[in-house]
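Chemist: Sequence first, predicted model second:
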Amino acid sequence: MKLSTALNKIKNLKSKIAQVHTYINESAVHYEDAEPPYIYEDEVARRIALIQDLRDLKVRIQLTNAKTMVTFDGHDLSLTELIMINADTRSEMAFAKEQMAHSLEGSRFETRTAESVKKMYAIEHHKEKCREWLEKLEIQKEKIDEAIADINAKTDLI
């Protein structure tokens with residue numbers, strides 16, 4: 001099984017677990033003169049088995065990610081590290097967007113007016129620099145996403 005297939009299987013297992021939760025809830029209580037729609041004990045056992053399958057698959061993915069070495073931007077690193085770099089890049093993008101949102105208009109909770117006090121940006125805060133930074137991060141994220149997708153499609157699960 002390829003990593004990409006395993007990742008899709010995780011989504012499917014999570015969906016099955018959610019459905020089993022519904023069955024469990026529907027069979028937990030019933031009227032004494034009616035049969036429950038599902039057998040509670042069977043559904044609980046099914047849930048436990050699905051959770052075990054999910055855990056086993058996640059462990060295999062983690063082991064595969066840790067042992068899979070890739071070259072990205074001229075650096076040799078594990079797939080785990082590349083995934084972490086991707087998460088860090090997304091976090092930096094969120095931070096850059098926050099910086100872009102700063103305005104001299106002021107907060108709606110602020111009692112000062114534009115006439116009473118002049119607001120100023122921090123010395124090194126420039127919206128144009130933030131925009132350029134965000135654009136670079138977006139390009140980096142796209143490159144990483146593409147590399148991870150390519151690796152996932154080619155790499156066999158341990």
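Modeler: Received, thanks.

Chemist: Go ahead and confirm residue 2 touches residue 156.
Modeler: Yes - contact criterion CB atoms under 8 Å: residue 2 and residue 156 qualify, at 6.3 Å. The C-beta positions use only the backbone N, C-alpha and C, and glycine is treated the same way.

Chemist: higher neighbour count, these two?
Modeler: Applying other CB atoms under 10 Å to residue 2 and residue 156 shows that residue 2 carries more neighbours, namely 15 against 11.

Chemist: need the contact list for that one.
Modeler: Contacts here follow CB atoms under 8 Å, 6 or more residues apart in numbering; on that basis residue 2 touches 152, 153, 154, 155, 156, 157.

Chemist: care to break this structure down by domain?
Modeler: 1-67, 69-158 (automatic domain parsing).

Chemist: Rebuild the ones you listed as JSON lines, extending it with mean pLDDT.
Modeler: Conversion of the domains of the chain to JSON lines gives the following (pLDDT from 0 to 100):
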{"stretch": "domain 1-67", "mean pLDDT": "96"}
{"stretch": "domain 69-158", "mean pLDDT": "84"}
